[in-house]
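Asker: Fold the following, please.
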Amino acid sequence: IVVDFSHRNVGPLIPHLYNLIFSRVRFIDSHRVYEDVFDRIPLSIVTYSWFLENISVSPKFTYDFLKRTMDIIVAFVLGNLSLVFYPFVFLTIKMDDGGDIFISQERVGQNNLPVKIIKFRTMSVNDGGEGDAKREKKITRVGSFLRASRIDELPQLWNVLRGDVSLIGPRPELPNLVKLYEEEISFHNIRHLIKPGLSGWAQLYQKDPPKFSTDYNQTKVKLSYDIFYIKNRSFWLDIKIGLKTIKALLSRTGV
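Answerer: Numbering: from 1, shown residues only. As a prediction, the model looks like this:
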């Protein structure tokens, strides 16, 4: 039997439901069913008390060690392998418009600390990642290819190696968007409890993620996926996300 144990009308029924245990009836919390089916936490149930019960900031020594070890090994290996692309990117960008090869953009990292993300330049101007309605017109011809192939994000592997971000975690947001979202979306700052990542649960499962501009509704959906990851994070979940990310990239479905 699926029950919403937090609903006020269920309270008086609990003594009667208790007796059904002896009839081998199994009870499942409805919110847990939602989480298992949709792979996210409904924002309608999250409260201060929910976070106190389900989210812990205490160190997970084994998990933290394995996660950082995986970050270092994977980022070092892939970072060095990616150097093969650097001369190609250098030549194509210079032949296209002769501008800078790299850009640096500020993002909000763990504990609300700013981090500098390094990428190959794909736009005619560096808008700091702000985006607007004319954004697509600013993307260079080479930039379109670099974005479609995800080659533009290869320099971020050095961010992972340095420890600014992780391979897996909530995608880091722009400071100006964070300010807006934290004013309008409750508990949005919980995303900054852990280190952001190059790929994450929301990137894999959200079908219509917010892009380029402020989108409160889709950002709420993204937050529900991020909270799911923060609540359930483990080394094996990171492995699952990593493998699904590789599959998505090879099939060119995004991330």
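
Asker: Secondary structure class of Ile103, three-state.
Answerer: With DSSP: H, G, I helix; E, B strand; the rest coil as the basis, Ile103 sits in strand.

Asker: how about it, what does it touch?
Answerer: 118-121, 123, 126 (CB atoms under 8 Å, 6 or more residues apart in numbering). For the C-beta atoms, the positions are set from N, CA and C on the backbone; glycine is no exception.

Asker: Model confidence score at Tyr86, please.
Answerer: Looking at Tyr86, its pLDDT is 95.

Asker: isn't Ala75 right next to Val160, touching?
Answerer: Yes - when contacts are counted by CB atoms under 8 Å, Ala75 is listed as touching Val160 (3.9 Å).

Asker: For the two, list the residues in contact with both.
Answerer: Leu167.

Asker: for stretch 155-175, which positions count as buried?
Answerer: 155-157, 159-161, 164-175 (16 or more other CB atoms under 10 Å).

Asker: ok, now stretch 208-221?
Answerer: Buried positions in stretch 208-221, judged by neighbour count with 16+ other CB under 10 Å: 209-210, 215, 219-221.

Asker: Over to stretch 45-54?
Answerer: Under the neighbour-count criterion of 16+ other CB under 10 Å, stretch 45-54 has 46, 50-51 buried.

Asker: what's the answer for stretch 79-97, then?
Answerer: 79, 82, 89, 92-93.

Asker: The stretch 151-255 of the chain: helices as residue ranges?
Answerer: Ranges of helices in the stretch 151-255 of the chain, per DSSP state H, counting those that start in this stretch, are 156-162, 175-184, 201-205, 216-232, 235-250.

Asker: Of those, which is nearest Asn19?
Answerer: If you check each of these against Asn19 by CB to CB, helix 216-232 wins as the nearest, at 31.8 Å.

Asker: Would you map the strands across this protein?
Answerer: 2-3, 28-29, 102-108, 114-120, 166-168, 197-199 (DSSP state E).

Asker: Just checking: what are the partner strands of the third one?
Answerer: Right, strand 102-108. Applying DSSP bridges, strand 102-108 is found paired with strand 114-120 (antiparallel).

Asker: Could I get the CA-only coordinates of the strand it pairs with as CSV?
Answerer: Extracted in CSV, the C-alpha atoms of strand 114-120 (Å, rounded to 0.1, in the frame of the first residue of the first chain):
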residue,chain,number,x,y,z
PRO,A,114,33.6,31.6,-7.3
VAL,A,115,35.5,29.3,-9.7
LYS,A,116,36.9,30.1,-13.1
ILE,A,117,35.9,27.7,-15.9
ILE,A,118,38.1,27.5,-18.9
LYS,A,119,36.7,26.6,-22.4
PHE,A,120,37.7,26.9,-26.0
